[in-house]
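Q: Structure of the sequence below:
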Amino acid sequence: MSTAAPPRQHHNVTLAVLAVSALAYALLQTMVAPALPEIQHELGATPSTVTWVLTVYLLSASITTPILGRLGDMFGKERTLVAVLALFALGSLIAALSSSLGLLVAGRAVQGAGGAVFPLAFGIIRDEFPRERVATGIGLISATFGIGGVAGLVLSGVIVDHLSYRWIFWFGLVVVLIAMVAARLFIPESPVKSPARIDFAGAALLSAGLTSLLLAVSEGNRWGWGSAPIVGLFCAAAVLLAVWVLYERGVPEPLVDIELLRVRAVWATNLTGFLIGFGMFGSFILIPQFVQTPESVGYGFGVGVTGAGLFMLPSAAVMLVAGPLAGTLGSRVGSKLPLLLGTGSAAASFLFLSVAHSAEWHIVVAVSLLGFGIGMSFASMANLIVEAVPQHQTGEATGMNTIMRTVGGAFGAQIAAAIVTNHIAPGSRYAAESGFTTAFVMGAVALAIAIAAATLIPDRASRVRIGPDPLPRSVHGPSRSEDQGRRRAVSRAG
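A: Okay, here's the model as predicted:
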């Protein structure tokens, strides 16, 4: 990277590279969903097995995100980001060349490592940007999580209608390769590192617990929520995650500092993130399915895959504005207010849909409200986490928040699908309108709880900082034992 360019230009280039990296992951998170029927037909898969193309991506992202986020804190965020993008590119290549479902699922598993882009990007922004630009930068990157999710639905419809589903992965590969080369050339290495041993046992326990949980959620609709395998998986997840917490509290250098998660500003934000993810992914299931239903059924608009994606497009456009707006507002008055505005707007979207969905403009208004709410919420949550934790633990803390959004999204998508499926009339392939109404009400309730969770987050004026100054320029932060002592005192104080 040239040192002659002014600092502000460096920051703009860095932000653009990080945004492209985050967008690549977010796009491929949802682009596959509309293509599942074509994948099933071309690879000779069954409806139950083809969903692993989605499930394994969520599993892999949830497992690798905290591990890679922690490695970024330890060894440098720029080099870890480049490695993550290389893994993402490899997964995209495997998926594009796959000739069997097993190989495609393997490629998607490798792609899931891309989830670590978000905590690494947040850490780079915090390390490199001047204090006044941190909140806005994080807001923009956070917004790409939702923007990419919506844009993925739109692009997938165009690709599926006119090309092979494999072009989804070729498209993703090109974007990731551009981001990888640009990251290596233009993003400076982080000056803040936290050298430590890799907690392999903690990583194994967390991976096993999350795998059990997400497998139960993903397969609940097909196996039956009360079936022995699903109940057993939920019980195994509870036991494994409890053991993981106990283990992490006792190990000198844990993968995730449990005391960090006990701080109210962190756990309340993570709970809000779970519920926002629940609502967002629920909408990705409900709204496209609703608008594709033929009008002859008594509701819906009979559009195709591309048309369904276009209905979601206003949401992405609004998110593009809402994310940076939340960052700007947060830098002035704190990030709690934009989070409350965001959760309120998202709840209003689902509430509106539950009573008005008979005209196309109803859907457009609802998805616009939802886009504003998700964009504001995601940006605010990332900034709240960053403001609450020591600089050298940014990766692990924001990584856990990313996991909460992912797990919440898995729950939201599966429960929304279960509600609609349970309302299909005998002899019909379409759900009754009441199924969608019930699911919209469920989304409104979940987001109302998100509002309540957001109110528990301390205001900026009353928040107790649990680490050093937010933007130190030292190479190494304080020891983890010192930070744990601070956090124990803070968590006991509330």
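Q: what ranges do the helices span in the stretch 201-350 of the chain?
A: 228-250, 258-262, 264-292, 305-333, 336-355 (DSSP state H, counting those that start in this stretch).
Q: And these: which comes nearest Ser368?
A: Closest to Ser368 of those is helix 305-333 (CB to CB; 4.7 Å). In short, each C-beta sits where N, CA and C put it, glycine included.
Q: Make a markdown table out of the helices of the stretch 201-350 of the chain and add distance to Glu38.
A: Below are the helices of the stretch 201-350 of the chain laid out as a markdown table (distance: least, CB to CB, whole Å):
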| stretch | distance to Glu38 |
| --- | --- |
| helix 228-250 | 29 |
| helix 258-262 | 41 |
| helix 264-292 | 15 |
| helix 305-333 | 10 |
| helix 336-355 | 29 |
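Q: Apart from its neighbours in sequence, what residue is nearest Leu205?
A: Of all residues not flanking Leu205 in the chain, Trp244 sits nearest, at 3.9 Å (CB to CB, 6 or more residues apart in numbering).
Q: my guess is that neighbour meets Ala203, correct?
A: No - here Trp244 does not reach Ala203: they are 9.5 Å apart, not a contact under CB atoms under 8 Å.
Q: Settle it for me: which of these two has more neighbours?
A: Using other CB atoms under 10 Å as the criterion, Trp244 and Ala203 rank with Trp244 on top: 24 against 18.
Q: Can you check the pLDDT for that one?
A: The model reports Trp244 with a pLDDT of 90.
Q: Please report how far it lies from Ile424.
A: 39 Å (CB to CB, to the nearest Å).
Q: swap in Arg70?
A: As for Arg70, its distance to Ile424 is 44 Å (criterion: CB to CB).
Q: Same question for Gly282.
A: Gly282 is 18 Å from Ile424, by CB to CB.
Q: And for Arg264?
A: 43 Å.
Q: Those two - which one has more neighbours?
A: Under the criterion of other CB under 10 Å, the comparison of Arg264 against Ile424 puts Arg264 first, with 17 against 13.
Q: In this structure that one contacts Pro458, no?
A: Yes - using CB under 8 Å, Arg264 is in contact with Pro458, at 6.1 Å.
Q: Which single helix of the protein contains the most residues?
A: Taking DSSP state H as the criterion, the chain has its longest helix at helix 131-162.
Q: Buried residues, it. List them.
A: Within helix 131-162, the residues that qualify as buried are 133-157, 159-160, counting by 16 or more other CB atoms under 10 Å.
Q: Residue ranges in the protein under the pLDDT threshold?
A: Along the chain, the parts satisfying pLDDT under 70 run over 1-9, 46-48, 191-196, 391-396, 425, 427, 460-494.
Q: what are the ranges of the strands in it?
A: In the chain, no strands are defined using DSSP state E.
Q: coming back round to it: among the helices of the stretch 201-350 of the chain, which is nearest Gln40?
A: The nearest among the helices of the stretch 201-350 of the chain, by CB to CB, is helix 305-333 at 14.5 Å.
Q: Quick one: distance of that closest one to the chain centre.
A: 15 Å (CA atoms, centre = their mean, to the nearest Å).
Q: Give the buried residues for that helix.
A: Of the residues in helix 305-333, 305-320, 322-331 count as buried by neighbour count, 16+ other CB under 10 Å.
Q: residue boundaries of the helices in the stretch 51-200 of the chain?
A: In the stretch 51-200 of the chain, the helices defined using DSSP H, counting those that start in this stretch lie at 52-75, 77-97, 101-111, 117-128, 131-162, 166-186, 200-223.
Q: Pick the most deeply packed of the ones you listed.
A: Highest mean neighbour count of those: helix 117-128, a mean of 29 (counted as mean count of other CB atoms under 10 Å).
Q: Specify the angle between that helix and helix 52-75 in degrees.
A: Calculated by axes from the mean of the first three to the mean of the last three CA atoms, to 10 degrees, helix 117-128 forms an angle of 20 degrees with helix 52-75.
Q: tell me which strands and helices helix 117-128 is in contact with?
A: helix 7-30, helix 52-75, helix 77-97, helix 131-162, helix 360-388, helix 394-421 (3 or more CB pairs under 8 Å, 6 or more residues apart in numbering; DSSP states H and E).
Q: how about 6 Å then?
A: Contacts defined by 3 or more CB pairs under 6 Å, 6 or more residues apart in numbering; DSSP states H and E place helix 117-128 against helix 7-30, helix 52-75, helix 77-97, helix 131-162, helix 394-421.
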